[in-house]
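# have a look at this prediction, sequence included:
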Amino acid sequence: MIHKTEAATAAPESSPLHAILDGLRANPRTLPAALFYDDRGSKLFDAITRLPEYYQTRTERAILEDVAPRLLEDLGDSLELVEFGAGSAEKTETLLRELDVQTYLPIDVSEYYLETSAERLRGRFPDLQVRPILADYTRPVKLGPMGAKTRVGFFPGGTIGNYHPEGAAAFLRRASAMLGPGGAFILGADLLKDPARLHAAYNDAAGVTAEFNLNILRHLNESHGADFHLDRWYHHALFDPKNARIEMHLVSDREQVVEVGGERFEFDAFESIWTESSYKYSESKLRRLARAGDFECEEFWTDPDRLFSVSLLRV
Ligand code: AVI
């Protein structure tokens, strides 16, 4: 059974029109990043995670496999694992295999992902209780009574980097309040590194990231009757060292007018729509972020090339 919470109405993939229009009217123009993840966008993102240039996913998986015995030691027995934005819950299997998890609470806005992953995990881990929660994890979610000794949050994938640092701290504060005293949080975050390496990860040779970025316009055409011509926009991703972030933009290749939700938007040639930021962290910044989010960073693990990090935070 899928548990729907009060926050379940705010499915981010159906971003409300007013948020889209506000973003397009703003200076700089923006679009809600949630628009990336329609069916096609989710498949494109899956393809990104397998690209040779996109080191994040495989590096995080290797770190998790490596540090699982340490996590077991640190977290002890009888755990309730709460995954924020669980998706297909593939990385979770490493934790379910290695840790003493009694109950697994995946939170996601996709009923499809929740149902299929719950069925798969129940098959693979017959003693595990799976209690899916259909909700937008970016808002407070009621978890119900705890069925184990320790609540452990899980937020892999480096998605914390898609928040502005203040938003990231606010998200962590909400998570900390949900997990309660003694709670723990396993956080995956991408690290600052050679700009060329970062640039390549968001400008892959096969053009999958470009397609992923442009798909946001296709999604707007389909879901909100917009009339973007995809061949009139460039994918542009750059690393901004001052703000320690990758910025993804869609750049208009000419002067053009686009209609969205009945409103006309005039674009100058080479004007951009800012579609995503992906902040990169140093160890010290991550420790400060944890503190601003009402956690203490107890462990910080990385791979030999210091590309990606997995941290264990405590409430
Ligand atoms: C989901 N998130 C962690 C990805 C990132 O790297 O910021 C989204 C992404 N955008 C382009 N490539 C991947």
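Perfect, thanks for sending it. Numbering: from 1, shown residues only.

# tell me which residue of this protein lies closest to the ligand.
Ser278 (3.3 Å; C-beta to the nearest ligand atom). Bear in mind the C-beta positions are built from the backbone N, C-alpha and C, glycine included.

# check which helix or strand that residue maps to.
strand 272-279 (DSSP states H and E).

# that strand: how far from the chain's middle?
Strand 272-279 sits 14 Å away from the centroid of its parent chain (C-alpha atoms, centre = their mean, to the nearest Å).

# as PDB, could you dump the C-alpha coordinates of that strand?
This file holds the C-alpha atoms of strand 272-279, laid out as PDB (Å, rounded to 0.1, in the frame of the first residue of the first chain):
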ATOM      1  CA  SER A 272      19.500  32.500 -22.100                       C
ATOM      2  CA  ILE A 273      17.100  30.600 -19.900                       C
ATOM      3  CA  TRP A 274      18.900  29.300 -16.800                       C
ATOM      4  CA  THR A 275      17.600  25.800 -16.300                       C
ATOM      5  CA  GLU A 276      19.800  24.300 -13.500                       C
ATOM      6  CA  SER A 277      22.600  24.900 -11.100                       C
ATOM      7  CA  SER A 278      24.700  22.100  -9.700                       C
ATOM      8  CA  TYR A 279      26.800  23.300  -6.700                       C
END
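
# for it, which outside residues touch it?
The contact list for strand 272-279 (C-beta atoms under 8 Å, 6 or more residues apart in numbering) reads 24, 28-31, 33, 36, 158, 160-165, 168, 190, 202, 213, 216, 236, 243-252.

# show me what stretch 201-210 is in contact with.
The contact list for stretch 201-210, computed with C-beta under 8 Å, 6+ apart, reads 44, 47-48, 51-56, 235, 237, 246, 248, 278.

# what about 10 Å?
With C-beta atoms under 10 Å, 6 or more residues apart in numbering as the test, stretch 201-210 has contacts from 44-56, 190, 193, 211-214, 233-239, 246-248, 250, 276, 278, 307.

# pLDDT on that stretch, on average?
Mean pLDDT, computed over stretch 201-210, is 98.

# for that stretch, measure first residue to last.
The straight-line separation of the ends of stretch 201-210 (C-alpha to C-alpha, to the nearest Å) is 11 Å.

# before we move on, back to that, what's the ChimeraX line that selects buried ones from the contacts of strand 272-279?
Those of the contacts of strand 272-279 that count as buried under 16 or more other C-beta atoms under 10 Å are selected in ChimeraX with:
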select :24,29,30,31,33,36,158,160,161,162,163,165,168,190,202,213,216,236,244,245,246,247,248,249,250,252
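
# among the contacts of strand 272-279, which are in reach of the ligand?
Among these, proximity to the ligand is found for 158, 161-162, 202 (C-beta under 6 Å from any ligand atom).

# any residues of this protein in contact with the ligand? List them.
48, 157-159, 161-162, 202, 209, 212, 276, 278.

# can I get those residues in CSV with secondary structure?
Below are the residues of the chain next to the ligand laid out as CSV (DSSP: H, G, I helix; E, B strand; the rest coil):
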residue, secondary structure
Ile48, helix
Gly157, coil
Gly158, coil
Thr159, helix
Gly161, helix
Asn162, helix
Tyr202, coil
Thr209, helix
Phe212, helix
Glu276, strand
Ser278, strand
